[in-house]
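Peer 1: Dropping the sequence and predicted coords here.
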There are 2 protein chains.
Amino acid sequence: MPVVNGRVLFNSIPEGFPVPGESTVYDASQTIDLENVPLNGGFLIKTLELSIDPYMRSRMRSAEIKSYTPPFTLGEPLNGYGIGVVIRSENPEVKAGDHVYGMLEHVNYVIRKDLASSGLQVIKDNHGLPWSTFIGVLGMPGKTAFMAWKEYSQAKKGETVFVSTGAGPVGSLVIQLAKLDGLKVIGSAGSEEKVQFMKEIGADVAFNYKTTNTKEVLAKEGPIDIFWDNVGGETLEAALEAANVNARFIECGMISGYNNPAAAAVRNLFHVVAKSISMHGFIVSRLHAKYDDEFYKTLPPLVASGKIKHREDVWNGLESVGDVMLAVQKGTNKAKAVVHVADE
Amino acid sequence: MPVVNGRVLFNSIPEGFPVPGESTVYDASQTIDLENVPLNGGFLIKTLELSIDPYMRSRMRSAEIKSYTPPFTLGEPLNGYGIGVVIRSENPEVKAGDHVYGMLEHVNYVIRKDLASSGLQVIKDNHGLPWSTFIGVLGMPGKTAFMAWKEYSQAKKGETVFVSTGAGPVGSLVIQLAKLDGLKVIGSAGSEEKVQFMKEIGADVAFNYKTTNTKEVLAKEGPIDIFWDNVGGETLEAALEAANVNARFIECGMISGYNNPAAAAVRNLFHVVAKSISMHGFIVSRLHAKYDDEFYKTLPPLVASGKIKHREDVWNGLESVGDVMLAVQKGTNKAKAVVHVADE
């Protein structure tokens, strides 16, 4: 008995912000027969949760432009980090009822051949956490914060860190990791509600960059030894100006320029030379091999016990993906953006 | 019998390029009695050679602006790396005839208390090299190239490095160290004569950035794994565009912006994130403790045997300092700029 296999298709390349219903469209024209569809030795996954993240904007580009992640293909479904449950399997690696984490198409159902070639891993929930947790604080954003902090921060007790987008899924974990390491934490975000959240999770100084001047805050509360950069542009300029000698800049993202290239210019890079600053760009997937075990050992119990706090902003159904993509680019989401696609 | 103790004074803060006779002035109003001047337990140095380097422009600033090197003081002599010979000493650390290397005032004669507090070190010439060598390929520029290459390049045989200002005292040594490590070397400089020199010292690709488009050369000869940046601005943008994944950028200087802040903007820093690039600003003095012994062991024999080539552009007398400062900023010097102050 076929059911609808809904899909979110990449429909056109946006100029600035992605436009729901235009850049991406929801399509319900395909069906799938869950009991009888041939698996050819693979397994059938039902999508449960999908993660919508800022970096996805960079994939909405012309296929000719090279970057670290492949572009989305026009007319094909989007894909991104997600959690699914296996509902049928002909592959001994996984069995029905297993949960898989990794890159999933934005569709209701998908067939995969094996774990390795599809970049999926089986994950177990040993602490009674909701599955959405495993695409947020225990998924890519959490890994991004945890692994890059371990690899690049060289954090020393008593140092000062400035975390941009400190209320977001990555930044909020960075704030908490920095506090665990004994640092003074300055966090910035774009609303009073986000400022409140940064204070709740331990930021010593939290401010709204839309109403408070970043340079002035850093001049008063700095110098900074570590900058967690999710923004680039003017915020990066302010951090360069306020940086201490030997500061470490962890370059996680530069969202200021994603939808407005003119905002990306940085005019005071000479501080990199003058202050012996190290800037580390990174892609978290390249740090997985080194830190994945430590991550899954360390973080789930901290989250389950409430020692590490996190928040989710949950939308329902594949139909919402376009709106969520836009919200994440504009920063109007209230917390880690999750699309709850289906119950188990 | 007093003699003139000539001095080069910092006279006014330049807006753009330093102006000889205005930004700096030569002053012959002071005298010194070499036999009888009281040493108070210290020692008297006669200045032999002074090094004029690009970074000195950044010291010609208002005392209120903080940076990694102290500003010059208006009305006081400039200072910089130099070689002197001790002509009298009351300090058992040094004796008459010893040669000292370190920061020396731009004066004919100066009295210092001890080595440590004045940041000087006694150097020996075991290979019959001219003393000027010890402020060039065996001085700060040589240490800059050698130590930062060791510390940051992570050079692997078969990789490609792009060296900006590759005919200069730092860049030309970087080119030769990279060839010794088995890399493909692309070098840029600002004249045909400099291009010729880069070829002589082994650059695989050498071009004149004034007549050849840097982006085009790098698109053809890259991608680059290492960028030795002495320039910043557009050159840095071109290197970011041509960088390989995991590229290392060694940020030695950003001369494009020293005299023209508008030229310093970099608009495509997102590549740092997208390509996992590491950028390392550094100040060579912070690497001395780790590499000084290795440097003085390794490099002098290579220079003496001609395996490492270097060039000097020698001016005579303290009176020439202003002209040399300008030449170094404009890049019209032909090689490592040296002011020969006096014979021994």
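Peer 2: Yes, it's here. Numbers count the residues shown, from 1 in each chain, chains lettered A, B, ... in the order given.
Peer 1: shouldn't residue A:11 be in contact with residue A:24?
Peer 2: Yes: under the criterion of CB atoms under 8 Å, residue A:11 makes contact with residue A:24 at 5.9 Å. For the C-beta atoms, the positions are set from N, CA and C on the backbone; glycine is no exception.
Peer 1: higher neighbour count, the two?
Peer 2: Per other CB atoms under 10 Å in any protein chain shown, whichever of residue A:11 and residue A:24 has more neighbours is residue A:24, with 25 against 19.
Peer 1: Restrict stretch A:227-245 to CA atoms and write it as PDB.
Peer 2: C-alpha atoms of stretch A:227-245 as PDB (Å, rounded to 0.1, in the frame of the first residue of the first chain):
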ATOM      1  CA  PHE A 227      37.400  34.500  19.800                       C
ATOM      2  CA  TRP A 228      34.700  32.000  18.700                       C
ATOM      3  CA  ASP A 229      33.700  33.400  15.300                       C
ATOM      4  CA  ASN A 230      30.400  32.600  13.700                       C
ATOM      5  CA  VAL A 231      29.900  36.000  12.100                       C
ATOM      6  CA  GLY A 232      33.000  37.400  10.400                       C
ATOM      7  CA  GLY A 233      32.900  41.000   9.000                       C
ATOM      8  CA  GLU A 234      32.600  43.800  11.500                       C
ATOM      9  CA  THR A 235      32.400  41.500  14.500                       C
ATOM     10  CA  LEU A 236      35.700  39.900  13.400                       C
ATOM     11  CA  GLU A 237      37.200  43.400  13.100                       C
ATOM     12  CA  ALA A 238      36.100  44.200  16.600                       C
ATOM     13  CA  ALA A 239      37.600  41.000  17.900                       C
ATOM     14  CA  LEU A 240      40.900  41.700  16.100                       C
ATOM     15  CA  GLU A 241      41.100  45.100  17.700                       C
ATOM     16  CA  ALA A 242      40.400  43.700  21.100                       C
ATOM     17  CA  ALA A 243      42.600  40.600  20.800                       C
ATOM     18  CA  ASN A 244      45.400  39.900  23.200                       C
ATOM     19  CA  VAL A 245      48.900  38.900  22.000                       C
END
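Peer 1: just the helices in the stretch 51-200 of chain A please.
Peer 2: Assigned by DSSP state H, counting those that start in this stretch, the helices in the stretch 51-200 of chain A fall at A:115-118, A:140-152, A:169-180, A:192-200.
Peer 1: quick one: which of those is nearest chain B?
Peer 2: Closest to chain B of those, according to CB to the nearest CB: helix A:140-152, at 8.9 Å.
Peer 1: Next, the buried residues of the closest one.
Peer 2: A:140-152 (16 or more other CB atoms under 10 Å in any protein chain shown).
Peer 1: With distance to residue A:82 and pLDDT added, can I get those in CSV?
Peer 2: Output for the buried residues of helix A:140-152, formatted as CSV (distance: CB to CB, whole Å; pLDDT from 0 to 100):
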residue, distance to residue A:82, pLDDT
A:140, 10, 91
A:141, 13, 92
A:142, 15, 96
A:143, 15, 96
A:144, 16, 96
A:145, 19, 97
A:146, 20, 98
A:147, 20, 97
A:148, 22, 97
A:149, 24, 98
A:150, 25, 97
A:151, 25, 97
A:152, 27, 97
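Peer 1: and chain B, which of those contact it?
Peer 2: The subset of the buried residues of helix A:140-152 lying close to chain B, counting by CB under 8 Å from any CB of the partner chain, is empty.
Peer 1: Quick check, pLDDT for the closest residue to residue A:8 other than its chain neighbours.
Peer 2: Nearest residue to residue A:8, sequence neighbours excluded (CB to CB, 6 or more residues apart in numbering or on different chains): residue A:106, at 3.9 Å. On pLDDT, residue A:106 comes in at 98.
Peer 1: isn't residue A:106 right up against residue A:318?
Peer 2: Yes: at 6.2 Å, residue A:106 counts as touching residue A:318 under the criterion of CB under 8 Å.
Peer 1: so where's the stretch 51-200 of chain A shaky on pLDDT?
Peer 2: Applying pLDDT under 70 to the stretch 51-200 of chain A picks out residues A:68.
Peer 1: Recalculate using a threshold of 90.
Peer 2: A:54-55, A:58, A:63-69, A:116-119, A:168-169 (pLDDT under 90).
Peer 1: who are the neighbours in contact with the residue nearest to residue A:8?
Peer 2: Counting by CB atoms under 8 Å, 6 or more residues apart in numbering or on different chains, residue A:106 touches A:7-8, A:47, A:50, A:77-80, A:318, A:321.
Peer 1: same thing but 10 Å
Peer 2: A:6-10, A:24, A:26, A:47, A:50, A:52, A:72, A:76-80, A:82, A:318, A:321, A:339, A:341 (CB atoms under 10 Å, 6 or more residues apart in numbering or on different chains).
Peer 1: now do residue A:299
Peer 2: A:133, A:137-138, A:142-143, A:145-146, A:173, A:177, A:307-308.
Peer 1: could you dump the residues you listed to a markdown table with distance to residue A:299?
Peer 2: Output for these, formatted as a markdown table (distance: CB to CB, whole Å):
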| residue | distance to residue A:299 |
| --- | --- |
| A:133 | 10 |
| A:137 | 7 |
| A:138 | 6 |
| A:142 | 6 |
| A:143 | 9 |
| A:145 | 10 |
| A:146 | 6 |
| A:173 | 9 |
| A:177 | 10 |
| A:307 | 10 |
| A:308 | 7 |
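Peer 1: and which of the residues you listed is nearest to residue A:101?
Peer 2: Closest to residue A:101 out of the contacts of residue A:299 is residue A:138 (8.9 Å), distances taken as CB to CB.
Peer 1: Look up phi and psi at that closest one.
Peer 2: Backbone torsions of residue A:138, given as degrees, to the nearest 10, read phi -110, psi 10.
Peer 1: Would you mind measuring from it to chain B?
Peer 2: 23 Å (CB to the nearest CB, to the nearest Å).
Peer 1: how many neighbours does residue A:330 have?
Peer 2: Neighbours of residue A:330 (other CB under 10 Å): 12.
Peer 1: quick one: which of the buried residues of helix A:140-152 is nearest to residue B:240?
Peer 2: residue A:152 (19.0 Å).
Peer 1: about what we covered before: which residues do residue A:11 and residue A:24 both contact?
Peer 2: By CB under 10 Å, 6+ apart, the residues touching both residue A:11 and residue A:24 are A:60, A:72, A:322.
Peer 1: Please check these and keep the buried ones.
Peer 2: Buried, going by 16+ other CB under 10 Å: A:60, A:72, A:322, out of those.
Peer 1: which one among the residues you listed gets closest to chain B?
Peer 2: For those, the nearest to chain B is residue A:60 (14.5 Å; CB to the nearest CB).
Peer 1: wait, isn't that closest one in contact with residue A:22?
Peer 2: No: counting by CB atoms under 10 Å, residue A:60 does not reach residue A:22; the two are 11.3 Å apart.
Peer 1: list the residues that contact both of the two?
Peer 2: In contact with both residue A:60 and residue A:22: A:11-12, A:14, using CB under 10 Å, 6+ apart.
Peer 1: ok, which of these also contact chain B?
Peer 2: Among those, proximity to chain B is found for none (CB under 10 Å from any CB of the partner chain).
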